[in-house]
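# okay, predicted coordinates and the sequence, questions at the end:
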Amino acid sequence: MLEPSLMKWMLIAGALGSGVTGGIFFAFSAFIMTSLATIPIESGVAAMNAINRVILRSWFMPVFLGMVAVSAVLVILAVRQWSLGSGNLVIAGAALYVLATFVSTILFNVPLNDRLAAFQGNETAAAEVWATYLEEWILWNHVRTISSLAASVAFMAAIR
């Protein structure tokens, strides 16, 4: 029977992909953003803008975006194989990743990144923009970190 085997491999991919994503977000929450906050504002803004430009062309993006597709496939398989059990864990993991990780990134972190990239102002305004950016971006990054890692745990728990 192909589908149970496909489900197992998709769950492994989901657990790894959401775990890697959560690990990257964890690094930002744990020390990267704190480090950027300790250097001069212009340097912190420049470094964050550089990170935001580079990440779009990095190996992170296929994993980050690919997990949306993996989550969709997992939901379809879970519904089709509901009688095999663990469907609730699969759907919970997929919802955590898609809604709390992916959608929050699009709704909150990306607009903050865009605002930071477009900012051009004096030093006083830069301090305000940077302080607000750090506070809001880190808050939403914590959400992404927790939801990605929780999705990974749900996918791992669903593997039999």
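It's in.
# show me what the longest helix along the chain is packed against.
Using DSSP state H, we find that the single longest helix of the chain is helix 123-158. Under the contact definition 3 or more CB pairs under 8 Å, 6 or more residues apart in numbering; DSSP states H and E, helix 123-158 sits against helix 2-27, helix 33-38, helix 41-55, helix 87-95, helix 104, helix 110-118. All C-beta atoms are positioned from the backbone trio N, CA, C, and that covers glycine.
# just send those back as a markdown table, with distance to Val129, mean pLDDT and mean neighbour count too.
Output for the helices and strands packed on helix 123-158, formatted as a markdown table (distance: least, CB to CB, whole Å; pLDDT from 0 to 100; neighbours: other CB atoms under 10 Å):
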| stretch | distance to Val129 | mean pLDDT | mean neighbour count |
| --- | --- | --- | --- |
| helix 2-27 | 22 | 93 | 18 |
| helix 33-38 | 13 | 98 | 14 |
| helix 41-55 | 8 | 96 | 14 |
| helix 87-95 | 33 | 97 | 20 |
| helix 104 | 21 | 97 | 16 |
| helix 110-118 | 7 | 96 | 14 |
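# mind checking which of the ones you listed is nearest Ala126?
Closest of the helices and strands packed on helix 123-158 to Ala126 is helix 41-55, at 5.2 Å (criterion: CB to CB).
# distance from the closest one to the middle of the chain?
Offset of helix 41-55 from its chain centre (CA atoms, centre = their mean, to the nearest Å): 18 Å.
# same question for stretch 115-125.
26 Å.
# what's around the nearest residue to Phe119 once chain neighbours are set aside, how many residues?
Spatial nearest neighbour of Phe119, excluding adjacent residues (CB to CB, 6 or more residues apart in numbering): Val129 at 5.2 Å. Counted with other CB atoms under 10 Å, the neighbours of Val129 add up to 16.
# if I look at Val129, how far off is Arg115?
Distance of Val129 to Arg115, given as CB to CB, to the nearest Å: 8 Å.
# shared neighbours, the two?
Listed as contacting both Val129 and Arg115 by CB atoms under 8 Å, 6 or more residues apart in numbering is no residue at all.
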